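Trainee: below is the sequence, then the predicted model.
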Amino acid sequence: MRLNRILLFVVAVAAAAAFAGAFASSASALAFADYPCPIAPPGTIKICGDGEVGKAYSLHVDGRSGTGCYPHVKYKVIAGTALPPGLSMSSDGWITGIPTTAGKYNFWLSMTDTNGDPPWCSDSESTEREFQMTIVQGLQIQQREGTLTPAQLNTPFSLQLTTNSSSALTWSVSSGALPTGINLNTSTGLLSGTPTQVQDSHFQIKVSDGNRSDVQTYNLSVVQALLIAAPPTAAEVGLPVNVTLKATGGRAPYTWAATGLPVGLTLDPASGAVTGTPTQAGAAAVKVTVTDSLGLTKQMDVNLVVAGKLALAKTPIAPAIVGVAYSQRLVRAGGVTPIRWTIIGGTVPAGIKLGARTGKLAGVPKKAGTYHFRVQVVDRLGAHSTLGVVLKVAKSSKK
């Protein structure tokens, strides 16, 4: 009985050895499959499918079924050779990526047993083969940005779509819908029209030359026209400025910029607030720009005049005579019109009045004497100045 067990054990060991030997022998026969990269006769190079510049590429390199330990193998690109720019290979045989450069590329790939997984693949046998891949210059829409510059309601819109091809092309909207009022010219690729509805549109544009095609996805918003409300056009030396620029339309929030502001003034780009105190009189050519959250911009040229500081001049006042018509204009400097003149204290000769708009003392004085009164002037921006006036009225020389 013991002898029988020993004989059975020897037979089992021999059988296992033969079984493992069969797989080890088979493992040395690794080979690449004829698909998806067949050999192009009469050569020995395996030719893979073409790729296009800018288009996603995906191909799985296979081992020949029934050879070696396939599919328990690992793949790699042999050092010193390279896949087309933009492509890479994983250890499980996938070549993926987006090709970046057209051309014909030759490279070597190796396929190697996984060395112990499964157990009988323990010989680390490998095979190598040269491959070839051609990357062609694919048809491509040149406008690659996903979000287009917004269109404005009731304002003509035009965007010319172009490609890298001079062939006859056919354009179409492959999914979604264009904004109401905007159309696509199927021959030229021109997006144009006058939008009639505020909306956000999502669509795909397809172009084809009969053999190649490209599809791009776009977002296009239609908003109310972006406008800048008329800003103040006057300031005054020494008078603080605190005004906020306003915009309508587009899509808030807005960002502001300005060039040519008078010395002493600054602009807050987030709020549009113009603050500060002008220090020099003169005209300033200011260019105001507002940009909305969608990238729309609007510019406005503003001729901002900084007036000199409002002041009443201390000039001699001509005397008046009782019963004789009198006219004397008071002198002021600076300020922003319109100007308003008033008497704020003292006594004015009977018969004499101060013109509220002209600053002129006029009338026929009725009583002699020396009169003291105070004049105030206020301009459109609220600046004011006062001046004490002495007016002598002499008796008439007539008897």
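Mentor: It's in.
Trainee: how is this protein carved up into domains?
Mentor: Per the record, the chain has its domains at 9-136, 151-223, 229-307, 311-394, by automatic domain parsing.
Trainee: ends of the second one, how far apart?
Mentor: Read it as domain 151-223. End-to-end distance for domain 151-223: 6 Å, by Cα to Cα, to the nearest Å.
Trainee: follow-up on the earlier one: out of the domains of the chain, flag the one nearest Glu145.
Mentor: Glu145 lies closest to domain 151-223 among those, at 8.1 Å (Cβ to Cβ). C-betas here are computed from N, CA, C, even on glycine.
Trainee: picking that back up, please name whichever of the domains of the chain is nearest to Gln142.
Mentor: Gln142 lies closest to domain 151-223 among the domains of the chain, at 4.7 Å (Cβ to Cβ).
Trainee: picking up where we left off before, the domains of the chain: lowest mean pLDDT?
Mentor: Lowest mean pLDDT within the domains of the chain: domain 9-136, a mean of 80.
Trainee: what strand or helix carries the most centrally placed residue in the chain?
Mentor: The centre of the chain sits closest to Gly295, judged by Cα atoms, centre = their mean, with a distance of 4.8 Å. Here Gly295 is covered by no helix or strand, with elements defined by DSSP states H and E.
Trainee: isn't it up against Glu145?
Mentor: No - applying Cβ atoms under 8 Å as the test, Gly295 and Glu145 come out as separate, 10.2 Å apart.
Trainee: what about stretch 151-161, how long is it end to end?
Mentor: The straight-line separation of the ends of stretch 151-161 (Cα to Cα) is 15 Å.
Trainee: buried ones in that stretch?
Mentor: 151-153, 157, 159, 161 (16 or more other Cβ atoms under 10 Å).
Trainee: which one among those gets closest to Val306?
Mentor: Val306 lies nearest to Gln152 out of these, by Cβ to Cβ, at 33.8 Å.
Trainee: for the closest residue to Leu239 other than its chain neighbours, give me phi and psi.
Mentor: Spatial nearest neighbour of Leu239, chain neighbours left out: Ala383 (5.2 Å); criterion: Cβ to Cβ, 6 or more residues apart in numbering. Torsion angles at Ala383 (phi, psi; degrees, to the nearest 10) stand at phi -70, psi 150.
Trainee: residues contacting Ala383?
Mentor: For Ala383, the contact set (Cβ atoms under 8 Å, 6 or more residues apart in numbering) comprises 236, 239, 309-310, 335-336.
Trainee: filter the residues you listed to the buried ones?
Mentor: Buried among the contacts of Ala383 by 16+ other Cβ under 10 Å: 236, 239, 310, 335-336.
Trainee: which residues touch Leu148?
Mentor: Contacts for Leu148 were tallied using Cβ under 8 Å, 6+ apart; they are 159, 218-220.
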